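Novice: pasting the structure only:
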């Protein structure tokens, strides 16, 4: 769990999705839940758009086993739902706009059929990063 501290040149009015790391919650986490479970959460310090990346995999591939993940904002799905049915990690990336100061960017993960699904490396990026709080990294 960590904070990336950007240059101290003042706060830009809005964040713009980019390639500079702002905050990360990298702990590997698994779930066997068949319903969405919040596994990662980052509170943002300014409005705007962010590039959000995470890795996921199913722990036992085959037999229809699939892990599913989606980006949420303040407990409401706002990203594209992604599914993975192999036991190697793949990285998913989305640029999402419309965030307000204090919003929570969250990763919810669940599995379909059987097995468990794992996620890690939940990260947010923008053009000019500032200090941001990670509030959940399980």
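Specialist: Everything's here; your move. Source: prediction; values computed, not measured.
Novice: burial check on residue 49, number of neighbours?
Specialist: Using other Cβ atoms under 10 Å, residue 49 has 17 neighbouring residues. Heads up, the C-betas are built off the backbone N, CA and C, glycines and all.
Novice: swap in residue 70?
Specialist: The burial count for residue 70: 19, using other Cβ under 10 Å.
Novice: was I right about it contacting residue 108?
Specialist: Yes: counting by Cβ atoms under 8 Å, residue 70 does reach residue 108; the two are 5.5 Å apart.
Novice: what is in contact with the two at once?
Specialist: Common contact partners of residue 70 and residue 108 (Cβ atoms under 8 Å, 6 or more residues apart in numbering): 36, 77.
Novice: give the buried residues for stretch 66-80.
Specialist: The neighbour-count criterion (16 or more other Cβ atoms under 10 Å) identifies 66, 67, 68, 69, 70, 71, 72, 73, 78, 79 as the buried residues of stretch 66-80.
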